[in-house]
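Visitor: starting from these lines, generate the structure:
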Amino acid sequence: MNEFDKYYNGQFRQDIQTFFSKIPERSKHTFDDRKIFTVQYQTLTKDFDYLDFLDNERKAYFGTALFFTVLVDQVCYSHYNDYYDKFENLTRYPKFVGNSPSTDRTNFPPRDIFNAFNYSRDKEKMFDSENVEFWKPFNEAKPVIKNETVYFFKNHLSDIDGEEFWNRCEQELPFHP
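Guide: Residues are numbered from 1 along each chain as shown. Presented below is the predicted three-dimensional model:
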């Protein structure tokens, strides 16, 4: 079991609950459905303190776990839409959306999660505060998430081939060794 596996299958659930307890109500349900949680781009940036309960190493694990959660949700919606309602009812994965009224109901590419963590509108915050480095947790995460994904479809939505699903996820990965 690697560090990401321990984090993802342990602390991540608590960290995402803590994160959602800190962000404003209007930011976590932008689809007007209280069952659908959303993460707005700006809530992950250096401009807000919503993630200050995490040190930079845990931010990297949190951001990576969030990335893969959003990615799997979007791949299911985009490529297996006939099964999406069942998938969503089983997972309740959050959506990653924009900030403004024109984009807060628009799913953003999951890879933008990594950019958000290191972004600020304030030049001093942008360049003078430490950036979050995702390379290590991202590489640790790939085999863990692949196994979790294949297992999930085998045991909960067996009409979808988990290996095929994961191959579609891999096509969306931003970092390649």
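Visitor: let me see the ranges of the strands in this protein.
Guide: Ranges of strands in the chain, per DSSP state E, are 38-40, 95-97.
Visitor: what's the average pLDDT for the last one?
Guide: Same thing as strand 95-97. Mean per-residue pLDDT for strand 95-97: 94.
Visitor: over to stretch 64-83?
Guide: Stretch 64-83 shows a mean pLDDT of 97.
Visitor: please point out which parts of it sit buried.
Guide: 64-77, 80, 83 (16 or more other C-beta atoms under 10 Å). C-beta coordinates here come from the backbone N, C-alpha and C atoms, glycine included.
Visitor: distance between it and the chain's centre?
Guide: Relative to its parent chain, stretch 64-83 has a centroid offset of 10 Å by C-alpha atoms, centre = their mean, to the nearest Å.
Visitor: same question, stretch 6-13
Guide: Relative to the chain's own centre, stretch 6-13 is displaced by 13 Å; criterion: C-alpha atoms, centre = their mean.
Visitor: for it, buried residues please.
Guide: By 16+ other C-beta under 10 Å, the buried positions in stretch 6-13 come out as 7-8, 11-12.
Visitor: distance of the residue in the chain sticking out farthest from the centre from Ala116?
Guide: Distance to the chain centre peaks in the chain at Glu124, reaching 26.6 Å (criterion: C-alpha atoms, centre = their mean). To Ala116, Glu124 is 18 Å away according to C-beta to C-beta, to the nearest Å.
Visitor: which helices and strands sit right next to the lengthiest helix in the chain?
Guide: When the chain is parsed with DSSP state H, its longest helix is helix 56-79. In terms of contacts (3 or more C-beta pairs under 8 Å, 6 or more residues apart in numbering; DSSP states H and E), helix 56-79 is packed against helix 3-6, helix 12-22, helix 84-91, strand 95-97, helix 112-117, helix 135-156, helix 162-170.
Visitor: try 6 Å
Guide: Judged by 3 or more C-beta pairs under 6 Å, 6 or more residues apart in numbering; DSSP states H and E, helix 56-79 is in contact with helix 84-91, helix 112-117, helix 135-156, helix 162-170.
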